[in-house]
Every structure is written in C-alpha cells, then in structure tokens.
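Colleague: output the structure for:
(chains A and B)
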Amino acid sequence: MNDSNQDWTTVIKPKEKLLQVDLKELWRYRDLCMLFVRRNITTQFKQTILGPLWYIIQPAMTVIMYMVVFGGIAKIPTDGLPQPLFYLSGICLWQYFNDCLTKTSSTFTSNAAIFGKVYFPRMVVPISTVLSNLLRFAIQFALFLVVYAIYQLFIIPGQIHTNWYALLLPLLVLMLAGLALGFGILFSSVTTKYRDMSLLLDFFVRLWMYATPVIYPLSTITNAKLRFVMSLNPLTGIVEAFKYGFLGEGQFSWGMLGYSFGFMVVLLAVGIVIFNRVQRTFMDTV
Amino acid sequence: MATAIEFNNISKIYRLGLVSTGTLAHDLKRWWTMSIRGKEDPYLTIGETNDRSIKGESEYVWALRDIDFKVEQGDVVGIIGKNGAGKSTLLKILSKVTAPTTGTIRARGRIGSLLEVGTGFHPEMTGRENIYMNGAILGMSKQEITKKLDEIIDFSGCERYIDTPVKRYSSGMMVRLGFAVAAHLDPEILVVDEVLAVGDAEFQKKAIGKMQDVSRGEGRTVLFVSHNMAAVRNLCKTGIVLHNGSIVFSGTADMAIEKYLKNDTLKDNIIDNLTKTHPRLNVKKILINGTTLSNSTLNPQNGYLDVLIEGEADKIVSADASLIFQNNDGAALARFSFSDKRGLLNLDGHFSLSARIKLPPNMHAGRLKIDVAIHQPNVEFYLVARECCILEVEGYTPITGQLQPISSGLLSLTEE
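Modeller: Sure thing, here's the model as predicted:
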C-alpha cells in the first residue's frame, strides 16, 4: 500500500487546504490565458463595421453627455479643469474598472458549459478578462492623451500642471485591475448558488460610480463625515492620484493610495480563497 | 504492471429539486452542525440510492457510492451502465470538473479528458484558431500544438475549411476537429465519454483505431464510457458496470457487457414481462424454449423451439398470436405466427396454444430477444410483451474480420 506513495502525480480529494493556490499550475496554463485574451479581443468586433472605433465612440459620447448633464445643467465644478479632460480622465479609469468587474463577476455562470466539461485552473478566465480589457483602456487612454495634448498645446498652452506623479499610472491600473478582479471573483463565487447577487451587482456598480470622484472632484466635498465615507472607497485615492498626476488638480495622498493597495491585497486574498473553494463543486449548484 | 489510477471510496451526493429553495436554510444548518458543533454533515446521512425511476423520500441522493477500484497502466476500461448510473459523474470527478463528496482518487500521469469534443470552440473563430484554443483548454502548450498542427488537421479531414469560422462547419465536422485535437493530446490517462455517438462511420472507425493505438502501442490508460456495446467490446479489455451509483460488476469487457445487458429491466419469468394486457384475456402461462424463465439457452442443433401460451379468454374471435425475434440491438430478424398454418384463432374460455417452431439451419451464436403479442389483426391488441424473453443461442461465432461483432442469431448463408 505504501509502496510508492510519492509516485502519484494527481490526488483528488473532497476538500483542499484553504489557501491552496497552485501558481505553478496557473503558469503552465499561460498559453491558454493569452489565447483567451486574443479570443476576447478578436471576437468582440467580428461582423461590425466600425470595429475597435467603438472603443473611442463610447467614451466620446459619454463625455459629451456628462458635459451637458453634469457640467451644463447641474453645474458641478471640475477643479477649474477643462470639462472634456476632467470627465475623460474619470471615464477612462472608471470604465476599465467597471468592465473588469462586470465581466469577471459572471465567470462561473457564463462559462458553465466549458467548466462542466474540462478542467483547467478557473482563475485563467477572470485573469484573461482583466488583461483583455487593458487594450480598451489603452485606446481610451490614448484618446485622453490626444485631448490632453490639444488643450496643453493649443487651447490653454502650458496651464495644465502635469507632474512626476503621472508615472504612477502603471501602479494605478494594477490596483484598479486587482480591485476589479477581487470583487469580480467574489461576486462570481457567490452567484453560483444565490443569483440574487447578480441582480444586486448591476445596481451596486451604478451607485458606486457616484461614490467615486468621476463626475465631480473630491475637493467639492466639504462635509467632513461625507468625506470620510468617500475615503473608505478604495477607488477614490486612485482616481484622485491620476487626476493629480496628469492634470495637476486633485487630492493626492500616499495614505489613501496605501489604503487602496492594502484593500486590494486583502480583497484578492479573500476572493481567491473563496473562488478556489467554489470552483471545486460549483458545477453541482450553478 | 503499475497501477495508473486508484479510486478509494469515492462517493458523490447530489441534491434534487430546485437548488434555490431552502438552500440557505440547509447551508446554515450544515454550517451549524459541522463548524460550530464539530459533527458530520447532517445531509450526508440521509442520502438515498440513486434510482431515477422510483419516487424517493430524501432530497439528497448518492450519485456515486463507495466506488473502489484500480486501473492498471495500459488498460482500456469500459464503463457501462444505464442513464443516470453515475458514469459521467465518475469521469467528471476524475477529470476534476467537480469534487467528490468523500474519498480520494490517486493517479499517475497527466489526465486528459474528452467529456465532450469541441469544448470551448468559439463559433466566430476559424478552425485553426480553434485548434489552438481547444488544445490549450485541454492542457497543451502553444508549442506542442504548433508541432502537431499538420497532423491534427490531417486527422480531422477538414483541411479545406481550416481557415473558415467554425460556425460555417457542419456538426460532424466540428466533432471531427474536436476529436482530432483531443486525440493528439497524448496524456498518460485518457478519459472519454460518449464521443463516438456523432460522426460518420468512417470517422468512428478512425477514432476507435486511434484509441486502440493509444492504448496498445503507447501503453496509455483509457477510461471509456459508451452505450455502444460494439465499441466497448472492440476497444476495451476490462469493463465495469455501474448501477445506481455503485459498481455491480468488474471484470473482462465481454463479461461486463453480458452482465449489463442482463441487468436490464427484464424480470425472471416471462409472464411478468407483459407490457400490455386486456380485460378479456387472462394469460396464465407462457413457455418459450420449454421454460417459463425469461432467460434461457437455445441449442440450435435441436432444430426447433417450443412455445406454449395458456390462459382464459372471453370470446376473442379471429385473433392471432405471434412472436418476433430480434437481435441485441432491437432489429427484427424473424417472426412466427400461429395463424400461418391454422388460420385466425377463436379463443373462448380456457385455451392452450402450443407450437414447435422450426429453426433455420446455420444459426450463429449470440442473443435473441423475443416479443410476444396476441391481437386481432388491425383491430386490437390483447397482449403485448416486448422483449419479454432472451435466448442465448449456443454455438460458434465465426471470425468476421473487420465487420461488427455478431451478437445475434444471424444466419450463415451457404453456397449452392
């Protein structure tokens, strides 16, 4: 019986250790991850005429709508920044977070057909979603840079005080991705059994946008209590840091950024533990 | 030979009914007893045997119960059983799609599963792109796939369509492509579930050939689930019969198939296998091959088969009684009617019909299934007994080369 217990390469048991994340296995499936990324991107615009142009049309239209509704009618200030630039920076970041979160939150339910047939590390799917959305973010960020250049060079030359904090961009995107991934896998794990959560998510994400300084600057919040609540939102620090770095206006603080980072790490850890538990039996409850 | 896979007390419980109703309540109770009071899962003790056709008391059933067996390296194991016997659940656990409720499985080597071919095919992507996609899902690296790409395309026989989106493919072509990828997966353990059901004859032959190569030539282990007994017989050395979630037989493939086919719903006495009766007819006794038992052996050398039907009838006029002989797959081979020689029958009161049926010469060994019916032609059935009796025809099975194995009392034709 004991003859060659080490020989076994696969052992399947009902329950595994809590924090068993097989990174080696995940790495072995990196090709699959990249293929998923390619599939997500290439199949999105099959049989469309405008193709990737949609990535630009959508934020452009949104900016115009915000300018009319929030800037024009509600007259919400923009820290003295040109409205298109202000809104575009918020939209870029928010859109990336929003896309990643809503897509990853349906990981189990929308991939049940594949998951039910063959095993591969389920984490590959949400990770590839977050990666493939990077392309969209890059295009929208390029749009932002174009608009930025137009303002900086022609309309209000030299009046936008871009500073070294702009170099934090990769870190900011990483944190957005981590937060979206964490929330997304958490939601997707819970929705396999209780679908109530997917109904809640839609509504929740919409509210969340208003709790994030996307359409207004944090500086307009003067009420101390409200400000405290706002600072609990891990996205606040990220969005403000972005605006401060690129546009020179905003409330940058290492403390808030550190909080967001810590939040992300804890969220990801919890998300991965729960995701791993659910992935082993979700086929029975989905 | 070393053991390739070891199943140790594998069980799987499923909850029936709608998942949502009362899930939260059950989850809370389970959490309470297990985590707080440190006891066993309260719902595991109330599971019932999984018999699909019988109404049960409990919401929980054992889809698998105490599965315990070993598979030797290089074995091809056929897993057979009725719908819902637990075959696919077993393979799903082995391929890690779902976890067992109790027990462990230990295996040596990479497990490749073919639970459904073409998993993850994206309709908008071309055949070539999908080969990469599908291969990666099954666990191959990009490099491996590139190395085998030509071979895969060649095997699938879809060369011409390879750069066309798979949504333009016929369903058969999709299966071909999917199987071609999986067949080149080269895992040490291959798990195959009913993939041969689709695809044309040529492709099925090719697929079986490939699986034989895999097991014989390369010494890999294959677990094969199918309802196609011919395929199981062709391919497998050993067989396992599952019934209601437990192993009821394990041994050679041929014996497993025998066991499975006998294990059908057939009751021991012919008279208990009536599918339709009529108030004006009360059949009390049916003897086929000189016995009331539904399973008997026929020696074709005798040259005849005795049949007797006895009972009471209430003024049934111009009726006929007949027997249909079928092979194992249910294809009709021959018929016999009492009316052929004696004309239509008038049955009133006690009756007894008996006949000695002449058997054709040169019957092959195998199995015959018999239907019995008493009816007024084109008007009404008084008695129907579908597949109420199985005759094992003794004798010699000639070698028929690459043809399907003969499993019925087929006739040998002779030259003049």
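Colleague: C-alpha only now, for contacts and for neighbours.
Modeller: OK.
Colleague: tell me what the helix or strand containing B:Ile131 is packed against?
Modeller: In this structure, B:Ile131 sits in helix B:127-137 according to DSSP states H and E. Secondary-structure packing of helix B:127-137 (3 or more CA pairs under 8 Å, 6 or more residues apart in numbering or on different chains; DSSP states H and E): helix A:30-44, helix B:142-156, helix B:171-183.
Colleague: looking at these, which is nearest to B:Leu353?
Modeller: Of all those, helix B:171-183 sits nearest to B:Leu353, with 51.3 Å by CA to CA.
Colleague: list the buried residues of the closest one.
Modeller: Across helix B:171-183, burial judged by 16 or more other CA atoms under 10 Å in any protein chain shown covers B:173-183.
Colleague: again with stretch A:271-282
Modeller: Buried-residue list, stretch A:271-282, by 16+ other CA under 10 Å: A:271-282.
Colleague: pLDDT (mean, whole number) over it?
Modeller: If you average the pLDDT over stretch A:271-282, you get 83.
Colleague: how far off centre is that stretch?
Modeller: 20 Å (CA atoms, centre = their mean, to the nearest Å).
Colleague: send the alpha carbons of that stretch over as PDB?
Modeller: As requested, the backbone C-alpha atoms of stretch A:271-282 are provided in PDB (Å, rounded to 0.1, in the frame of the first residue of the first chain):
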ATOM      1  CA  GLY A 271     -11.500  36.400  -3.200                       C
ATOM      2  CA  ILE A 272      -9.100  33.800  -4.300                       C
ATOM      3  CA  VAL A 273      -9.800  31.600  -1.200                       C
ATOM      4  CA  ILE A 274     -13.500  31.700  -1.800                       C
ATOM      5  CA  PHE A 275     -13.100  31.300  -5.600                       C
ATOM      6  CA  ASN A 276     -11.000  28.200  -5.000                       C
ATOM      7  CA  ARG A 277     -13.500  26.600  -2.700                       C
ATOM      8  CA  VAL A 278     -16.400  27.300  -5.000                       C
ATOM      9  CA  GLN A 279     -14.600  26.100  -8.200                       C
ATOM     10  CA  ARG A 280     -14.400  22.600  -6.900                       C
ATOM     11  CA  THR A 281     -18.100  22.000  -6.700                       C
ATOM     12  CA  PHE A 282     -19.800  24.800  -8.400                       C
END
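Colleague: got the residue ranges for the helices in chain B?
Modeller: Counting by DSSP state H, chain B has helices at residues B:23-31, B:87-94, B:127-137, B:142-156, B:171-183, B:201-212, B:229-235, B:253-262, B:339-342.
Colleague: between those, which one is nearest to A:Gln47?
Modeller: Closest among the helices of chain B, using CA to CA: helix B:127-137, at 17.2 Å.
Colleague: CA-only coordinates of the closest one in CSV, if you can.
Modeller: The C-alpha coordinates for helix B:127-137 follow below in CSV (Å, rounded to 0.1, in the frame of the first residue of the first chain):
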residue,chain,number,x,y,z
GLY,B,127,-10.8,26.1,-37.4
ARG,B,128,-7.1,26.8,-37.0
GLU,B,129,-7.6,29.3,-34.2
ASN,B,130,-10.0,26.9,-32.5
ILE,B,131,-7.4,24.1,-32.6
TYR,B,132,-5.1,26.3,-30.6
MET,B,133,-7.9,27.3,-28.3
ASN,B,134,-9.2,23.8,-27.7
GLY,B,135,-5.8,22.4,-27.3
ALA,B,136,-4.9,24.9,-24.7
ILE,B,137,-8.1,24.2,-22.8
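Colleague: could you check the angle it makes with helix B:142-156?
Modeller: Using axes from the mean of the first three to the mean of the last three CA atoms, to 10 degrees, the direction of helix B:127-137 lies 120 degrees away from that of helix B:142-156.
Colleague: which pLDDT value belongs to B:Thr71?
Modeller: Just to correct that, residue B:71 is Val rather than Thr. Note on B:Val71: pLDDT of 90.
Colleague: bridged to it, which residues?
Modeller: B:Ile5 (DSSP bridges).
Colleague: what do you get for B:Tyr60?
Modeller: Counting by DSSP bridges, B:Tyr60 forms beta bridges with B:Arg15.
Colleague: where along the stretch 201-350 of chain B do the strands fall?
Modeller: Taking DSSP state E, counting those that start in this stretch to define them, one finds strands in the stretch 201-350 of chain B at B:221-225, B:238-243, B:246-252, B:281-288, B:295-298, B:304-326, B:332-337, B:345-358.
Colleague: restrict the buried residues of stretch A:271-282 to contacts with chain B.
Modeller: The subset of the buried residues of stretch A:271-282 within reach of chain B, by CA under 8 Å from any CA of the partner chain, is A:279-282.
Colleague: follow-up on the earlier one: could I get the helices and strands packed on helix B:127-137 as TSV with mean pLDDT and distance to A:Gly248?
Modeller: Shown next, in TSV, are those (pLDDT from 0 to 100; distance: least, CA to CA, whole Å):
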stretch	mean pLDDT	distance to A:Gly248
helix A:30-44	88	34
helix B:142-156	90	45
helix B:171-183	82	55
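Colleague: want to try CSV for these, with distance to A:Met65 as columns?
Modeller: As requested, the helices and strands packed on helix B:127-137 are exported to CSV (distance: least, CA to CA, whole Å):
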stretch, distance to A:Met65
helix A:30-44, 25
helix B:142-156, 45
helix B:171-183, 46
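Colleague: and of the buried residues of helix B:171-183, the nearest to chain A?
Modeller: Of all the buried residues of helix B:171-183, the one with the least separation from chain A (CA to the nearest CA) is B:Ala182, at 11.5 Å.
Colleague: now do the same contact list for the closest residue to A:Ser132 other than its chain neighbours.
Modeller: Spatial nearest neighbour of A:Ser132, chain neighbours left out: A:Val37 (4.9 Å); criterion: CA to CA, 6 or more residues apart in numbering or on different chains. By CA atoms under 8 Å, 6 or more residues apart in numbering or on different chains, the contact set of A:Val37 is A:128-129, A:131-132.
Colleague: the helices of chain B: which one's closest to A:Ser189?
Modeller: Across these, closest to A:Ser189 is helix B:23-31 (CA to CA), at 15.0 Å.
Colleague: and whatever helix or strand A:Tyr96 lives in, what does it pack onto?
Modeller: Element membership for A:Tyr96, per DSSP H and E: helix A:83-104. Helix A:83-104 makes packing contacts with helix A:54-66, helix A:124-150, helix A:169-191, helix A:196-210, helix A:234-247 when contacts are defined by 3+ CA pairs under 8 Å, 6+ apart.
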